[in-house]
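J.: The following comprises the amino acid sequence and a computationally predicted model.
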Amino acid sequence: MTAVSAVASVKGRGGVDRLAVLGAAIVVVIVLSAVLAPWLAPYPENTPDPVHSLQPPGGAHWFGTDGAGRDVLTQVLYGGRTSLTIVVAVLAVSAVVGVTLGVVAGYAGGWVRDVIMRVTDVFLAFPALLLSLALAVVLQPSVTTVIVAIAATWWPWYARLAASVAASIATRPYVDAARCLGVPAPLIVLRHVLPNSLTPVLVQVSLDAGGVILTGAALSYLGLGAQEPVAEWGLMVQQSQTYFTTDWWAVTFPGLAILVTAFAFNLLGEGLRAALDPRRVVR
């Protein structure tokens with residue numbers, strides 16, 4: 001609920017940024033739905049029932065059933081658990097690796113910064129989705145493969161962002177004072193540089209969540225990510241795409257889940273960026 005409180009404090013011409021609050025509220029609902037899927041789902045996960053395949057939405061199946069007779073609502077709820085797991089894992093790994101390297105590069109400067117930034121530039125030279133696809137092809141298709149493939153292409157952005165912020169903080173008077181007092185460099189980084197470098201990173205994490213959702217769904221859609229019996233939104237779209245013109249619900253609801261989740265995270269990220277902007281004038 002912290003995110004909701006943060007974006008609710010953002011002021012615009014009309015007062016509270018309602019779109020940011022809406023995005024935060026939707027994210028909270030999606031997260032709770034995924035966490036509580038075992039209790040909210042009307043049917044057990046991945047339970048085929050060929051007799052009732054491709055049933056339209058109705059009282060027994062609110063979102064209808066897919067080609068295997070599985071309840072689409074149940075699969076969407078459990079698919080949210082998989083998709084959000086991918087988001088959390090990718091962003092956690094990317095932020096930890098990228099921020100660590102970026103803060104070291106920004107504070108140390110010199111040849112250390114040059115080496116780290118040149119390695120970062122090598123990764124940034126390739127389109128992120130193309131590099132993720134290449135890595136996913138080499139590895140065995142699974143949820144873990146999706147996490148590794150995306151995280152390997154996502155961390156350079158955090159490294160560059162953290163390096164820029166850390167380089168600015170390293171020249172602040174309080175950091176110079178700590179050096180004059182003989183405080184060891186690792187302690188200065190942990191106490192002063194790292195904490196003050198996290199705000200823009202947190203904003204970027206919230207903005208990137210939607211991109212990770214889309215990339216993870218794309219890899220699964222191409223058969224390079226989650227595999228049965230795991231429920232995942234991109235995989236659900238891939239499995240039901242042939243029914244789109246006749247049995248629209250089988251592909252529409254997981255597609256909407258991807259769209260709404262990515263959109264909500266983008267609204268939340270924009271709200272957090274405005275709320276945490278030090279140049280913002282509070283009226």
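T.: Sure thing, it's come through.
J.: Quick one: residues contacting residue 26.
T.: Residues in contact with residue 26 (C-beta atoms under 8 Å, 6 or more residues apart in numbering) are 260-261, 263-264, 267. (Each C-beta comes from the backbone N, C-alpha and C, glycine too.)
J.: Among the residues you listed, name the ones in helices.
T.: If you go by DSSP state H, the contacts of residue 26 have 260-261, 263-264, 267 in helices.
J.: Mind giving me the PyMOL select for the residues you listed, buried ones only?
T.: Of these, the buried ones go into a single PyMOL selection, burial set by 16 or more other C-beta atoms under 10 Å:
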select buried, resi 261+264+267
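J.: So which of the contacts of residue 26 is the closest to residue 194?
T.: Proximity of the contacts of residue 26 to residue 194 (C-beta to C-beta) peaks at residue 267, which lies at 28.4 Å.
J.: Just to check, the closest one is in contact with residue 25?
T.: No: under the criterion of C-beta atoms under 8 Å, residue 267 is not in contact with residue 25, lying 9.6 Å apart.
J.: How many residues are close by residue 180?
T.: Using other C-beta atoms under 10 Å, the number of residues around residue 180 comes to 8.
J.: Turn the contacts of residue 26 into JSON lines, columns for pLDDT and distance to residue 90.
T.: Shown next, in JSON lines, are these (pLDDT from 0 to 100; distance: C-beta to C-beta, whole Å):
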{"residue": "260", "pLDDT": "94", "distance to residue 90": "19"}
{"residue": "261", "pLDDT": "94", "distance to residue 90": "14"}
{"residue": "263", "pLDDT": "92", "distance to residue 90": "19"}
{"residue": "264", "pLDDT": "93", "distance to residue 90": "17"}
{"residue": "267", "pLDDT": "90", "distance to residue 90": "20"}
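J.: quick one: the closest residue to residue 268 other than its chain neighbours and residue 30, what's the gap?
T.: Nearest residue to residue 268, sequence neighbours excluded (C-beta to C-beta, 6 or more residues apart in numbering): residue 23, at 4.1 Å. From residue 23 across to residue 30, the span is 11 Å (C-beta to C-beta, to the nearest Å).
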